[in-house]
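S.K.: need a 3D model of the following:
(chains A and B)
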Amino acid sequence: MDDLTTIRDFGRDLEHEPPAGLARQRRRLLEETSGRGRRASPGPSGRWRRVTGRTGWIALVAVAAVTTALVVIPNVLLRGATTIGSTVSPAWDRPPKNNEALNVLVLGTDYRPPPKGGAPFVQGERSDLMMLVHLPADRKRAMVVSLPRDSMVQIPECRSSDGRTVAAHLGLINQAYSVGGLNCAWKTVEALTGVRVDHALAIRYSGLEKVVDALGGVEVRLPQAVDEPKSKLRLPAGRSSVDGATAVAYARVRNIGDGSDISRIKRNSILLQAMLAKLSRVQEPAALVSLAQVFRESVTADAALDPDTLLGLALDIQQADTQVSYLTVPWQPFDPEPNRIEWKQPEAAQLFARLAGN
Amino acid sequence: MVLFMIPLATPSLDSELIAESRARPDAFAGLFDRYSGMLYRYVSRRLGPEVAEDLVGETFLVAFRRRDRYDLARPDARPWLFGIVSNLVARHHRTEAARYRALTRSPVDGVAESPAERVAEGVSATAVRPLLASALALLSKGDRDVLLLIAWADLSYDEVAQALGIPVGTVRSRLNRARRKVREALGDTHPLRDEE
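M.R.: Next up is the predicted model:
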């Protein structure tokens, strides 16, 4: 072995793989190529520039000077103005972050009129679907763990949207969202699982429709033909390419399969898989950027889940050719009310310990 | 690594891509897609991952602003990009020196060698690392740039000459001097050293 070989080996040991954050640098370049870069900022990092965007926004309101507006507006648009007003942020005792894996809480939400005479804190918006998406550091294998909405769990103390404190209580897991929105659902899942959840997002069916359309439709495969007049869902057996509206009908319809929540979870998982498959075939960088934008605008999420982060994640998933596996948290019937379920221990705790990286 | 699949319409030569970007600036992103990963790996070796990301971004900003001066007779843009990288790395010479110094004291970060690998490689790799790190820290900037562009970026002598804007003869003499210093630093304690 000569000295050059030794130096090469040494270099290989020191090397790091390009991170998702490189997508931010690409965007910085695109800002420059579109003539905005020089004004936008020579700033050293995405975080720094986000702050500039926000300060700029305040300046815009305060000064209302046309010149300021010219400088600031493209920057704000690009940074995702939607995140500025986001009130979703974790402000409780969090489980520790043990590694570079990423855990994202995803809620599918739906608007329903509040039940008459129901608990006063219940809002019209409820979470129909709850899943914890786990991406290991290398992003190669994703695990999607469904948390059935019929699960009886301990919901921690949460603050409701009108500012009142709702005491900890035993309830259905999807009540957390009705009680205190995304923050409360997030806090509940962290408390129950001990998993550090890095991001939380809620997507309505209308948002899901937009995202699927932005992907140019997705392909689903059905074991048998579906003709469900109530949701106007009519699909042949086998492969079909579906648009956003049809995809949503497919995801939410209850009267196919065995009609159970579990079968709906399964169809939602199939849809998610179909979306990831389509995402991995999006090759135009510009299309990816606009997808990240559409996605961000179609969901409610914590402020840290901005278009940059999303873009980075999309790139990671493409690069790693992420394979997804699905499971439902181990459960058993809930004794006092057999039509509810409870998480089965110690299996559930073991699963979450793995996700937490313990 | 391919960050994005390159669309079919993209020109195949770097020089064509740069030429196109003079009329259509966003075409320059194609160059980023081709080389950002490669440059990142190189910079991560020299400065660590914390600095590398931003520095790679900076490299492409500088390159973009200088695209009008690119010599279109050169189809491969790597030497040009590595030249820019080398200049930017120089701004971080303290970070780089500190990194090598730290490596003289502690095992390499992020490397999980299995016992089997260690046995297979013998004692050498781990043993020479601190010596190598201190040798790199002690090289002059010019010598280190040449040595690492050859050893870590896999550039040829000609390409290094282009990158740094120096004659090929200078590349050779700097490389010889750098290698001699490294060999001296490894000294007789280097168990696998060739007799040259």
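S.K.: around chain B, pick out the residues from the stretch 201-350 of chain A.
M.R.: Residues of the stretch 201-350 of chain A lying close to chain B (CB under 8 Å from any CB of the partner chain) are A:283-286, A:288, A:315, A:319. Every residue, glycine included, has its C-beta placed from N, CA and C.
S.K.: flag the shaky bits of the chain, pLDDT-wise.
M.R.: Because you didn't say which chain, this covers chain A. Low-confidence segments of chain A, defined by pLDDT under 70: A:1, A:36-87, A:111-125, A:254-262, A:285.
S.K.: wrong one, I was asking about chain B
M.R.: For chain B, the stretches flagged by pLDDT under 70 are B:1-11, B:106-126, B:188-196.
S.K.: can you show me the helices along it?
M.R.: Taking DSSP state H, the helices of chain B run over residues B:14-23, B:29-47, B:49-65, B:78-91, B:93-105, B:115-121, B:124-138, B:141-151, B:157-164, B:168-186.
S.K.: among these, which is nearest A:Cys158?
M.R.: Among those, the nearest to A:Cys158 by CB to CB is helix B:49-65 (36.9 Å).
S.K.: can you list contacts of that closest one?
M.R.: A:16, A:19, A:21-22, A:24-26, A:28-29, A:32-33, A:37, A:44-45, B:21, B:25, B:28, B:31-32, B:36, B:39-40, B:43-44, B:47, B:80-81, B:84-85, B:88-89, B:92, B:95 (CB atoms under 8 Å, 6 or more residues apart in numbering or on different chains).
S.K.: can you give me how far it is from the chain middle?
M.R.: Here the centre of helix B:49-65 is set off from its chain's centre by 13 Å, with CA atoms, centre = their mean, to the nearest Å.
S.K.: just the CA trace of that helix, in CSV.
M.R.: What follows is helix B:49-65, C-alpha atoms only, in CSV (Å, rounded to 0.1, in the frame of the first residue of the first chain):
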residue,chain,number,x,y,z
PRO,B,49,-20.6,17.9,7.0
GLU,B,50,-21.5,21.0,8.9
VAL,B,51,-19.7,23.4,6.6
ALA,B,52,-20.0,21.3,3.4
GLU,B,53,-23.6,21.9,2.6
ASP,B,54,-23.4,25.6,2.6
LEU,B,55,-20.1,25.7,0.9
VAL,B,56,-21.4,23.6,-2.0
GLY,B,57,-24.3,26.0,-2.3
GLU,B,58,-21.9,28.9,-2.4
THR,B,59,-19.7,27.1,-5.0
PHE,B,60,-22.6,27.0,-7.4
LEU,B,61,-23.6,30.6,-6.8
VAL,B,62,-20.0,31.7,-7.6
ALA,B,63,-19.9,29.4,-10.6
PHE,B,64,-23.2,30.8,-11.8
ARG,B,65,-22.0,34.4,-11.6
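S.K.: what angle sits between that helix and helix B:78-91?
M.R.: Here helix B:49-65 runs at an angle of 130 degrees relative to helix B:78-91 (axes from the mean of the first three to the mean of the last three CA atoms, to 10 degrees).
S.K.: so what's the residue count around the residue of chain B found nearest chain A?
M.R.: Scanning chain B for proximity to chain A using CB to the nearest CB identifies B:Gly57 as nearest, at 3.0 Å. Applying other CB atoms under 10 Å in any protein chain shown, we find 25 residues neighbouring B:Gly57.
S.K.: also B:Leu131?
M.R.: By other CB under 10 Å, the residues close to B:Leu131 number 18.
S.K.: correct me if wrong: it contacts B:Arg183.
M.R.: No - counting by CB atoms under 8 Å, B:Leu131 stays clear of B:Arg183, with 10.4 Å between them.
S.K.: ok so, going back, pull the most distant pair out of the residues of the stretch 201-350 of chain A next to chain B.
M.R.: With CB to CB as the measure, no two of these lie farther apart than A:Ala286 and A:Gln319, at 17.9 Å.
S.K.: comparing these two, which residue is more hemmed in?
M.R.: More neighbours surround A:Gln319 than the other of A:Ala286 and A:Gln319, with 20 against 13 (other CB under 10 Å).
S.K.: quick one, phi/psi of the more buried one?
M.R.: phi -70, psi -40 (degrees, to the nearest 10).
S.K.: list the contacts for the closest residue to A:Val153 other than its chain neighbours?
M.R.: Nearest residue to A:Val153 in three dimensions, chain neighbours excluded: A:Ile173, at 4.9 Å (CB to CB, 6 or more residues apart in numbering or on different chains). By CB under 8 Å, 6+ apart, the contact list for A:Ile173 reads A:130, A:147-149, A:151-153, A:155, A:188, A:192.
S.K.: cutoff 6 Å now
M.R.: By CB atoms under 6 Å, 6 or more residues apart in numbering or on different chains, the contact list for A:Ile173 reads A:147, A:151, A:153.
S.K.: and what of A:Val324?
M.R.: A:142, A:273.
S.K.: quick check: it vs chain B, distance?
M.R.: The gap separating A:Val324 from chain B is 21 Å, by CB to the nearest CB, to the nearest Å.
S.K.: and that residue, bridged to which residues?
M.R.: Counting by DSSP bridges, A:Val324 forms beta bridges with A:Ala142.
S.K.: the spatially closest residue to A:Val294 that is not a sequence neighbour: how many residues sit nearby?
M.R.: Leaving out its chain neighbours, the residue that sits closest to A:Val294 by CB to CB, 6+ apart is A:Ala214, at 4.1 Å. By the criterion of other CB under 10 Å, A:Ala214 has 19 neighbours.
S.K.: for chain B, what lies in contact range of chain A?
M.R.: Proximity of chain B to chain A is confined to B:4-5, B:25-26, B:28-29, B:32, B:36-37, B:40-41, B:44-45, B:49, B:53-54, B:56-57, B:60-61, B:64, B:108, B:111, B:132, B:151-152, B:179, B:182-183, B:192, B:194 under the rule CB under 6 Å from any CB of the partner chain.
S.K.: what's the PyMOL syntax to select whichever of those residues are buried?
M.R.: Burial among the residues of chain B next to chain A is assessed by 16 or more other CB atoms under 10 Å in any protein chain shown; the matching PyMOL selection reads:
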select buried, chain B and resi 4+25+28+29+32+36+37+40+41+44+45+49+53+54+56+57+60+61+64+132+151+152+179+182+183+192
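S.K.: give me the contact list for stretch A:91-98.
M.R.: Residues contacting stretch A:91-98 (CB under 6 Å, 6+ apart): A:187, A:190, A:194, A:196, A:357.
S.K.: buried set for it?
M.R.: Buried residues in stretch A:91-98, counted by 16+ other CB under 10 Å: A:Pro95.
S.K.: what about it, distance to the chain center?
M.R.: Distance of stretch A:91-98 from the chain centroid (CA atoms, centre = their mean) equals 18 Å.
S.K.: and that stretch, end to end?
M.R.: Stretch A:91-98 stretches 19 Å from its first residue to its last (CA to CA, to the nearest Å).
S.K.: stretch A:316-332 now?
M.R.: Stretch A:316-332 stretches 36 Å from its first residue to its last (CA to CA).
S.K.: buried residues in it?
M.R.: Using 16+ other CB under 10 Å as the test for burial, stretch A:316-332 gives A:316-320, A:322, A:324, A:326, A:328-329, A:331.
S.K.: next step: these restricted to strands.
M.R.: Within these, residues falling in strands by DSSP state E are A:324, A:326, A:328, A:331.
S.K.: quickly list what the last one is bridged to.
M.R.: A:Trp331 has the following beta-bridge partners by DSSP bridges: A:Trp343.
S.K.: before we move on, what about A:Leu235?
M.R.: A:Val226.
S.K.: from what I can see it touches A:Gln224, true?
M.R.: No - using CB atoms under 6 Å, A:Leu235 makes no contact with A:Gln224, being 9.6 Å away.
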